[in-house]
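# Predicted model and sequence below, questions to follow.
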Amino acid sequence: MNIFSLFPTPICSVDNFITEEERKDLYKNIKQVEHLPHGALEGNAKSTHGKDNIILNEKILDKLQYSILNFATEYGLEGDVSIGKIWSSIQNKGSILKEHTHPDSVLSGVIYINVDDDSKLYIHNPNPFVMFTQLKNNNNFNYQYYWLKVSNCQLIMFPSWLKHGKNNEVNQMDDRVIVSFNVVKK
């Protein structure tokens, strides 16, 4: 019997993408910027989405662009891609990051700045019919969602159309801080 793994979706993870010193500097800078409510966040959480005022230093931007280009090549994107928008989010205890996508971009990603040991990112199966199949054993062919454990200094990237979030899981910490970004095709 032959079984084909059709339509796989790539997710990129880079542990220790930034150093601990870079993480602490970013955290300090992010805390000084005004954050406002955003539709993807519920409860005591705010974002700079739409303000474009998160400035990563040149070293981090260069590392990020390098990682983006490598992931874009693996994903099969042709042509130049570049960072479109960068923003930060701060969640406090009791808040929720709702499931969402990132329209008008080809890749999206997040750098984890301040998360606890229980932090996860949920990725939802893009097949809307998978939930109609009642199987006894979940595997890569039929998960409705899958979660990745995330940690400070980690970079995660994925196609922008992929639905992701915290699966309505309530945040259990104060000052959960991330930097998110979208990648556009030039």
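Here it is on my side, so go on. This structure is a prediction, so every number in the text was calculated from the model and none was measured. Numbering: from 1, shown residues only.
# Against which helices or strands is the top helix by length along the chain packed?
For the chain, the helix with the greatest residue count under DSSP state H is helix 58-75. With contacts defined as 3 or more Cβ pairs under 8 Å, 6 or more residues apart in numbering; DSSP states H and E, the packing partners of helix 58-75 are strand 12-14, helix 20-31, strand 81-91, strand 107-114, strand 155-159, strand 176-185. Placement of C-beta: from N, CA and C, glycine included.
# among those, which is nearest residue 166?
Set against residue 166 and scored by Cβ to Cβ, those come closest in strand 81-91, at 8.8 Å.
# What count of nearby residues applies to the closest residue to residue 183 other than its chain neighbours?
Closest residue to residue 183 apart from its sequence neighbours, by Cβ to Cβ, 6 or more residues apart in numbering: residue 107 at 3.9 Å. Counted with other Cβ atoms under 10 Å, residues neighbouring residue 107 total 26.
# check contacts around the residue nearest to residue 145 when sequence neighbours are not counted.
Spatial nearest neighbour of residue 145, chain neighbours left out: residue 124 (4.7 Å); criterion: Cβ to Cβ, 6+ apart. Residue 124 makes contact with 99, 144-145, 162-165, 167, according to Cβ atoms under 8 Å, 6 or more residues apart in numbering.
# for residue 110, what are its contacts?
Contacts for residue 110 (Cβ under 8 Å, 6+ apart) come out as 121, 150, 155-156, 178-181.
# Mark which of those residues are buried, thanks.
For the contacts of residue 110, a burial check counting by 16 or more other Cβ atoms under 10 Å picks out 121, 150, 155-156, 178-181.
# from what I can see residue 133 touches residue 142, true?
Yes. Counting by Cβ atoms under 8 Å, residue 133 does reach residue 142; the two are 5.9 Å apart.
# Name the residue in these two with the higher neighbour count.
Comparing residue 133 with residue 142 by neighbour count (other Cβ under 10 Å), the higher total belongs to residue 142, at 14 against 10.
# Number of residues surrounding the residue nearest to that one when sequence neighbours are not counted?
Leaving aside its chain neighbours, residue 142 sits nearest to residue 135 (5.2 Å; criterion: Cβ to Cβ, 6+ apart). Residue 135: 9 surrounding residues under other Cβ under 10 Å.
# Am I right that residue 135 is in a strand?
No. According to DSSP: H, G, I helix; E, B strand; the rest coil, the state of residue 135 is coil, so it is not within a strand.
# Understood, closing this out.
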